[in-house]
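Trainee: return atomic coordinates for the entry below.
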Amino acid sequence: MSEHGPNGDEATGLTVAAGELRALADSVLLERIQWMRQAGITFGGARDEYEILGYDRVVTNKQYRDEYARGGIAGRLVDVFPNATWRGEVELIEDEDPEKVTPFEQAWIDLDTRLQVQSKLLRVDKLAGLSTYAALLIGAKGGGDLYTELPKASGPDDLIYLTPFSGGGGPGGNSSQRAVAMDADATIYEYEDDPLSSRFGLPKSYQLKRTSLSTPLFARPVHWSRILHVAENLMDDDVFGQPSLERVWNLLADLRKITGGGAEAFWLRANQGLHLDVDKDMALPDAKDTFAALKEQSESYKHQMTRWLRTRGVDVKTLGSDVANFSNPADAVLTQIAGAKGIPKRILTGSEMGELASSQDRDNWKDQVNGRQTSYAGPYIVRPLVDRLIKYGYLPTPAKGAQAYEVRWPHVQTLTEQER
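Mentor: Numbering: from 1, shown residues only. All right, here's what the predicted structure looks like:
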């Protein structure tokens, strides 16, 4: 019999069916493996801790902003390092002679006074902590649209504004899988893909938007030279950092459960109920009206409209209860949050100036702030901005070369009463 006969066709059909089953099994296995690789999957896939505990598996920029605005301790976590970093006046020093102010130093002082540069850098630093990066738009006179390279300037007066934007995401929605950036005001439009370029792998252009501002200038991509890209805690690349709240996001959810649930339990238990015991032998000429009046008085008492009850033949007793105390569980979560962020707990919950913190906490905190100033804020925020302003003529070049200046940070020393 020919192989194309009935038996041959049947065998071919069985082969195809078997191949489809294998492909389906491989697909199911692949999906299972991908699911098990997600955060929170434990016990060989038998338990999904994120699902059980109500943790977000994907966090958006909007969630970070909402938590910052209304999450209590979350706002402190975002603000505490930038506020401490930019406290005081940042100086650019070209000459060590304290009696001499060079043209470069004076130009920076004037520019900072006119445009509040340090305040803008503080804001962009905080915005970077609420996403994977932030952008500072450099506004200049002349030079065409924003999609062209930053124009050469004739002096500091050609710099007209510095505007912070919340950033996140890139071409194809890429955000380094850290935050969904659907609400970002600045996104990366294009990367530099020339391996011979010094900017290989870095943004080539950005797309800006403002929900409260409609302008044709944002219709086209913005050239990278007009944007200061700020990102902290870089790991895999030089573009996407780690949001300040990402590492403690689950702990913040735990804290919300404890304090929110504890506050509700406190309210329910502290607001003691009333037991109205009506004498069974009391004569009631109109029981329905009597009980209605008693109920109305009780409701008025409950809602603090009155603080008295008029009764006859009714024994009023309060229902006692234990007041909920959730301080210890909340403190345990706060300790974990402080440890995860490297912030002494008494400084996180108390005063940055050290009024409530021990001397050891304050010394540790000062070391961390000084380290952030010299290893991050200086080389990755201040210098890139100043170098670009020098390159394009918005600041004069220092006498000994474009790099011949020092970023000097103030050191605020706070003494306790005992130290004073």
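Trainee: can you name the residues that contact the residue most central in space within the chain?
Mentor: In the chain, the C-alpha nearest the mean C-alpha coordinate belongs to Leu130, at 2.9 Å (Cα atoms, centre = their mean). Residues in contact with Leu130 (Cβ atoms under 8 Å, 6 or more residues apart in numbering) are Asn61, Tyr64, Arg65, Tyr68, Val78, Ser166, Pro243, Ser244, Leu245. Every residue, glycine included, has its C-beta placed from N, CA and C.
Trainee: closest one to Ala253 out of the residues you listed, please.
Mentor: Among the contacts of Leu130, Leu245 lies closest to Ala253 (Cβ to Cβ), at 10.8 Å.
Trainee: need the three-state assignment for the closest one.
Mentor: coil (DSSP: H, G, I helix; E, B strand; the rest coil).
Trainee: surely it is in contact with Leu77?
Mentor: Yes. Taking contacts as Cβ atoms under 8 Å, Leu245 lies within contact range of Leu77: 6.2 Å.
Trainee: ok, which stretches of the stretch 101-250 of the chain are strands?
Mentor: For the stretch 101-250 of the chain, the strands defined by DSSP state E, counting those that start in this stretch cover 133-140, 159-167, 186-191, 203-208, 222-223, 227-230.
Trainee: for Asp236, which of the ones you listed is the nearest?
Mentor: Comparing those by Cβ to Cβ, strand 133-140 comes nearest, at 13.3 Å.
Trainee: what pairs with the closest one, parallel or antiparallel?
Mentor: Applying DSSP bridges, strand 133-140 is found paired with strand 159-167 (antiparallel), strand 227-230 (antiparallel).
Trainee: quick one, that strand and strand 186-191 angle?
Mentor: 80 degrees (axes from the mean of the first three to the mean of the last three Cα atoms, to 10 degrees).
Trainee: check which helices and strands the helix or strand hosting Gln368 sits against.
Mentor: Assigned by DSSP states H and E, Gln368 falls within helix 359-372. If contacts are counted by 3 or more Cβ pairs under 8 Å, 6 or more residues apart in numbering; DSSP states H and E, helix 359-372 sits against helix 73-85, helix 345-349.
Trainee: following the longest one, which helix or strand shows up next?
Mentor: Think helix 73-85. Assigned by DSSP H and E, the successor of helix 73-85 is strand 91-93.
Trainee: the helices in this protein, which residues?
Mentor: Listed in chain order, the helices of the chain (DSSP state H) span 6-36, 49-53, 61-70, 73-85, 103-115, 117-129, 249-270, 287-302, 327-341, 345-349, 359-372, 383-391.
Trainee: ranking the ones you listed by burial, who's on top?
Mentor: Stretch with highest mean neighbour count among the helices of the chain: helix 117-129 (a mean of 22; mean count of other Cβ atoms under 10 Å).
Trainee: tilt between it and strand 186-191?
Mentor: Computed by the same axes, to 10 degrees, the angle separating helix 117-129 from strand 186-191 equals 80 degrees.
Trainee: the helices of the chain into CSV, with extra columns for distance to Thr42 and mean pLDDT?
Mentor: Below are the helices of the chain laid out as CSV (distance: least, Cβ to Cβ, whole Å; pLDDT from 0 to 100):
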stretch, distance to Thr42, mean pLDDT
helix 6-36, 9, 61
helix 49-53, 6, 80
helix 61-70, 24, 91
helix 73-85, 27, 94
helix 103-115, 52, 95
helix 117-129, 30, 96
helix 249-270, 14, 83
helix 287-302, 47, 71
helix 327-341, 19, 91
helix 345-349, 29, 86
helix 359-372, 33, 86
helix 383-391, 42, 97
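Trainee: what sits against Val248?
Mentor: Leu77, Gln336, Ile337, Ala340, Lys341.
Trainee: those: which two are farthest apart?
Mentor: Applying Cβ to Cβ across the contacts of Val248, the maximum distance is between Leu77 and Gln336, 12.4 Å.
Trainee: just name the most buried of the strands paired with strand 133-140.
Mentor: Most buried among the strands paired with strand 133-140, counting by mean count of other Cβ under 10 Å: strand 227-230, with a mean of 24.
Trainee: next one: it to chain centre, how far?
Mentor: 18 Å (Cα atoms, centre = their mean, to the nearest Å).
Trainee: now do that strand: everything it contacts.
Mentor: Under Cβ under 8 Å, 6+ apart, the answer for strand 227-230 is 124-125, 127-128, 133-138, 167, 186, 202-203, 206, 239, 380-381, 384-385, 388.
Trainee: is it possible to get JSON lines of the strands of the stretch 101-250 of the chain that adds mean pLDDT?
Mentor: Listed next are the strands of the stretch 101-250 of the chain as JSON lines, based on pLDDT from 0 to 100:
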{"stretch": "strand 133-140", "mean pLDDT": "95"}
{"stretch": "strand 159-167", "mean pLDDT": "94"}
{"stretch": "strand 186-191", "mean pLDDT": "93"}
{"stretch": "strand 203-208", "mean pLDDT": "94"}
{"stretch": "strand 222-223", "mean pLDDT": "94"}
{"stretch": "strand 227-230", "mean pLDDT": "97"}
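Trainee: among the ones you listed, which comes closest to Thr259?
Mentor: It is, among the strands of the stretch 101-250 of the chain and with distance given as Cβ to Cβ, strand 159-167, at 27.7 Å.
Trainee: got the angle between the closest one and strand 203-208?
Mentor: 90 degrees.
Trainee: how far does strand 159-167 sit from the chain's center?
Mentor: 19 Å.
Trainee: ok, now stretch 339-350?
Mentor: Per Cα atoms, centre = their mean, the centroid offset for stretch 339-350 relative to its chain is 16 Å.
Trainee: outside of it itself, list whatever touches it.
Mentor: Here stretch 339-350 has contacts from 73, 76-77, 80-81, 244, 247-248, 251, 334-335, 337-338, 354, 356-358, 361-362, 364-365, 368, using Cβ under 8 Å, 6+ apart.
Trainee: hang on, the earlier thing: now the contacts of Leu130 as a markdown table including distance to Ala292?
Mentor: Below are these laid out as a markdown table (distance: Cβ to Cβ, whole Å):
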| residue | distance to Ala292 |
| --- | --- |
| Asn61 | 55 |
| Tyr64 | 53 |
| Arg65 | 51 |
| Tyr68 | 51 |
| Val78 | 55 |
| Ser166 | 58 |
| Pro243 | 58 |
| Ser244 | 58 |
| Leu245 | 53 |
